[in-house]
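In: Give me coordinates for this.
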Amino acid sequence: LQSKSEMMALIIDNIPFPVFIKDENGRYTLVNKAEADIFGVSTSEIIGYDDSKFVRNKEEMEMIRRSDEKIVKENLPVHFPEQTLTLDTGEVKVFKTSKIPFVNNMTGKINILGVSVDLSDTRKLETELKKEIEALKKVAMS
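Out: The predicted structure is shown next:
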């Protein structure tokens, strides 16, 4: 059993996308390194906490809380094609996030499995490209 657990931890930590599990109260019970890197902390510093420890923007926090509650209460997945997260440093990240419910065999309660894809660099490049196109249009019109 320990060997399987270690293998699973190895696999999850080497997935290049943020992966997390939350309990029925929205507290993290498992995170991979990519998820911890978002918040600039170690994986052990996240376990047992909910997002309010890391998310300071009240609107963003409320959206996370509502989606977690919906998953647990309605046993339905939630998908965010674009989710903004403002970090303590002021840096704004953009993620595509999917969260699904599953039954925790140890507690018998609905928990949340989430996976995110960081779209931040893509969005920055899109913004820069739009600015360059606008600048080129102005030059072409003059």
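
In: isn't Ala36 right up against Tyr49?
Out: No. The pair Ala36 and Tyr49 fails to qualify as a contact (Cβ atoms under 8 Å) at a distance of 11.6 Å. C-beta coordinates here come from the backbone N, C-alpha and C atoms, glycine included.

In: more neighbours, these two?
Out: Ala36 (20 against 14; other Cβ atoms under 10 Å).

In: Pull the contacting residues for that one.
Out: Ala36 makes contact with Ser42, Thr43, Glu45, Ile46, according to Cβ atoms under 8 Å, 6 or more residues apart in numbering.

In: And for Tyr49?
Out: By Cβ under 8 Å, 6+ apart, Tyr49 lies in contact with Arg27, Tyr28.

In: That one: which element?
Out: When elements are defined using DSSP states H and E, Tyr49 is found to belong to no helix and no strand.

In: Of the contacts of Ala36, just say which sits nearest to Leu10.
Out: Using Cβ to Cβ, Thr43 is the member of the contacts of Ala36 that lies nearest Leu10, at 13.1 Å.

In: Tell me who's in contact with the closest one.
Out: By Cβ under 8 Å, 6+ apart, Thr43 lies in contact with Val31, Asn32, Lys33, Glu35, Ala36.

In: Which of the contacts of Ala36 are buried, as a PyMOL select command?
Out: Listed next is the PyMOL selection for buried residues among the contacts of Ala36, using 16 or more other Cβ atoms under 10 Å:
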select buried, resi 43+46
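
In: Sort out which one of the contacts of Ala36 lies nearest Ala140 for me.
Out: Ala140 has its nearest neighbour among those in Ile46, at 50.0 Å by Cβ to Cβ.

In: What pLDDT does the model give the closest one?
Out: On pLDDT, Ile46 comes in at 95.

In: With that, I have no additional questions.
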